[in-house]
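Asks: pasting the structure only:
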């Protein structure tokens with residue numbers, strides 16, 4: 001799955017998505033990798049989606065094609081950002097519409113006119129888009145991360161997700177959700193259980209669930225400026241803020257607080273981490289994970305019902321001045337060729353009707369706040385978190401150089417296994433940072 005799909009997300013790596021090309025016909029009778037020119041009848045779209053997400057997008061596109069007669073030539077490219085960069089560098093054709101590029105390209109491509117600002121093609125729907133899209137997705141103290149350059153919007157937000165949710169079994173935890181992180185740590189679990197469950201195993205991407213946890217901590221403990229500067233390699237891993245974030249994370253996975261101890265955490269696949277929530281007797285009270293985790297709950301316990309058997313509360317406050325920072329991801333599209341057909345499709349995807357189809361397909365939140373009907377109370381509640389966010393901040397590792405990302409994951413595994421080595425682990429990460437950002 002995607003976190004902006006400008007880079008593959010941690011979860012996409014975990015689910016084994018490679019840099020492969022798939023052709024997905026969408027009532028087409030064929031597909032083309034080249035631009036259709038200034039066409040009013042055809043539009044070429046790249047996406048990173050496959051499987052259920054691709055099926056959902058095809059459902060979104062069907063009413064558009066039926067009502068307009070426009071043919072959407074839909075092509076799935078898992079790492080579309082890399083392919084876009086290759087095509088731009090080579091001066092070859094670009095799709096009409098595709099997910100936005102990596103953050104390091106956004107400002108340059110905007111200035112060069114490679115991407116077209118929404119303000120030039122949304123026409124009379126621009127004011128509605130800004131009014132009806134969750135504010136954190138159109139206005140942010142970290143504007144490049146949402147595709148905003150010089151107050152112009154270059155990425156159309158179509159759906160979103162929330163991370164850092166604290167999941168629990170409603171039949172086991174019946175108390176009032178804690179308001180602060182310290183209050184959460186002070187909760188006493190039932191006899192024989194631990195406060196937290198966790199699972200960090202994910203093949204070559206092992207460690208990414210811990211990176212989500214520490215991201216939530218740093219952005220809500222030290223603020224969005226430290227957080228985004230850290231992503232950009234401007235804040236060292238040995239800095240007081242990042243070290244404090246690690247120390248706070250390690251409280252969650254300490255032998256005293258986590259089910260099975262650190263060795264179990266390291267060996268347990270992320271998708272199975274929540275099983276002890278529902279075992280008899282329960283093994284833990286809480287699991288921190290994103291909205292997608294409910295799919296794994298019901299794999300193991302098919303009779304579980306959202307809102308009846310399980311629920312979540314938002315990530316508790318660590319530093320109240322940064323409570324508006326929410327860790328999440330969002331899917332967007334940018335326009336590379338301004339054609340009549342492309343304009344109509346972008347305008348359509350911004351609207352309530354298109355995004356309701358995405359929501360009805362399950363597993364996602366709309367970017368449009370006029371979508372208020374969700375298939376279960378869990379997603380309904382999650383939408384309120386996005387609505388109240390000041391900044392929806394992306395997962396740090398997914399926007400770091402690849403060498404840094406993997407060293408980050410390994411560092412978290414090492415720190416979980418042996419917290420006493422934290423200083424040396426952070427010093428090694430400083431070394432990787434210096435080398436990988438210099439490339």
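Replies: Yep, it's here. Since we're looking at a predicted model, the values are computed, not measured. Numbers count the residues shown, from 1 in each chain.

Asks: ranges for the strands of the stretch 301-439 of the chain?
Replies: Counting by DSSP state E, counting those that start in this stretch, the segments of the stretch 301-439 of the chain that form strands are 310-313, 325-335, 365-366, 391-393.

Asks: Buried residues of the longest helix seen in the chain, list them for me.
Replies: Secondary structure assigned by DSSP state H gives helix 51-68 as the longest helix of the chain. Of the residues in helix 51-68, those buried by neighbour count under the rule 16 or more other C-beta atoms under 10 Å are 53, 54, 56, 57, 58, 60, 61, 64, 65, 68. Just so you know, the C-beta spots here come from the backbone N, C-alpha and C atoms, and that holds for glycine as well.

Asks: same question, stretch 356-368
Replies: Within stretch 356-368, the residues scored as buried using 16+ other C-beta under 10 Å are 356, 357, 358, 359, 361, 363, 364, 365, 366, 367, 368.

Asks: Just flag the most distant two among those residues.
Replies: 363 and 368 (16.7 Å; C-beta to C-beta).

Asks: The strands of the stretch 301-439 of the chain: which one's closest to residue 86?
Replies: Counting by C-beta to C-beta, and looking across all of those, nearest comes strand 325-335 at 16.2 Å.

Asks: List the buried residues of stretch 254-273.
Replies: Taking 16+ other C-beta under 10 Å as the neighbour-count basis, stretch 254-273 is seen to contain the buried residues 254, 257-260, 262, 264-266, 268, 270-271, 273.

Asks: can you check stretch 275-295 too?
Replies: Across stretch 275-295, burial judged by 16+ other C-beta under 10 Å covers 275-279, 282-291, 293-294.

Asks: What about those, which are in helices?
Replies: 275, 276, 277, 278, 294.

Asks: Surely the fourth one touches residue 301?
Replies: Yes. With the criterion set as C-beta atoms under 8 Å, residue 278 and residue 301 qualify as a contacting pair; they are 5.2 Å apart.

Asks: related to what we said a few turns ago, quick check: which of the buried residues of stretch 356-368 has the minimum pLDDT.
Replies: Of all the buried residues of stretch 356-368, residue 363 carries the smallest pLDDT score, 85.

Asks: any idea how far residue 278 lies from residue 297?
Replies: When C-beta to C-beta, to the nearest Å is applied, the distance between residue 278 and residue 297 equals 7 Å.

Asks: hey, what's in contact with both of the two?
Replies: The contact sets of residue 278 and residue 297 overlap at 304, 310 (C-beta atoms under 8 Å, 6 or more residues apart in numbering).

Asks: excluding its backbone neighbours, what's nearest residue 236?
Replies: residue 430 (5.2 Å; C-beta to C-beta, 6 or more residues apart in numbering).

Asks: what's the burial count for the one you found?
Replies: If you count neighbours by other C-beta atoms under 10 Å, residue 430 ends up with 14.

Asks: Show me what the residue nearest the centre of the chain bridges to in the sheet.
Replies: With distances taken as C-alpha atoms, centre = their mean, the chain has residue 329 as the residue nearest its mean C-alpha position (2.6 Å). Beta-bridge pairing of residue 329 under DSSP bridges involves residue 161.

Asks: ok, residue 289 touching residue 161?
Replies: No. Applying C-beta under 8 Å as the test, residue 289 and residue 161 come out as separate, 11.3 Å apart.

Asks: what packs against the longest helix of the chain?
Replies: Contact analysis of helix 51-68 by 3 or more C-beta pairs under 8 Å, 6 or more residues apart in numbering; DSSP states H and E lists strand 71-77, helix 340-349, helix 352-360 as its packing neighbours.

Asks: possible to save the ones you listed as CSV with distance to residue 152?
Replies: What follows is these, written out as CSV (distance: least, C-beta to C-beta, whole Å):
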stretch, distance to residue 152
strand 71-77, 26
helix 340-349, 15
helix 352-360, 22
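
Asks: and residue 122, which of the ones you listed is closest to it?
Replies: Go through the helices and strands packed on helix 51-68 one by one with C-beta to C-beta and the one that ends up closest to residue 122 is helix 340-349, at 6.1 Å.

Asks: still on that earlier bit, so of the buried residues of helix 51-68, which two are at opposite extremes in space?
Replies: The two members of these with the most space between them (C-beta to C-beta) are 53 and 68, at 23.0 Å.

Asks: where's the dip in pLDDT among the buried residues of helix 51-68?
Replies: When the buried residues of helix 51-68 are sorted by pLDDT, the bottom entry is residue 53 at 90.

Asks: Pull up the gap between that residue and residue 155, please.
Replies: The span separating residue 53 from residue 155 equals 18 Å under the rule C-beta to C-beta.

Asks: so what's the residue nearest to residue 236 up against?
Replies: Residue 430 makes contact with 236, 237, 238, according to C-beta under 8 Å, 6+ apart.

Asks: Counting neighbours, which of these comes out on top?
Replies: Greatest neighbour count in the contacts of residue 430, by other C-beta under 10 Å, goes to residue 237: 22 neighbours.

Asks: which residues touch that residue?
Replies: 243, 411, 426, 427, 429, 430, 433.

Asks: Need those residues in CSV (columns: pLDDT and distance to residue 135).
Replies: Supplementary listing: the contacts of residue 237 in CSV, determined by pLDDT from 0 to 100; distance: C-beta to C-beta, whole Å:
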residue, pLDDT, distance to residue 135
243, 98, 32
411, 98, 34
426, 98, 35
427, 98, 40
429, 98, 34
430, 98, 36
433, 98, 32
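
Asks: just to revisit the earlier point, of all the buried residues of stretch 356-368, which comes closest to residue 225?
Replies: Distance ranking of the buried residues of stretch 356-368 against residue 225, using C-beta to C-beta, places residue 367 first at 24.6 Å.

Asks: For the closest residue to that closest one other than its chain neighbours, what are phi and psi?
Replies: The shortest distance from residue 367 to any non-neighbouring residue, by C-beta to C-beta, 6+ apart, is to residue 157 (3.9 Å). Listed backbone geometry of residue 157 is phi -80, psi 130, with angles given as degrees, to the nearest 10.
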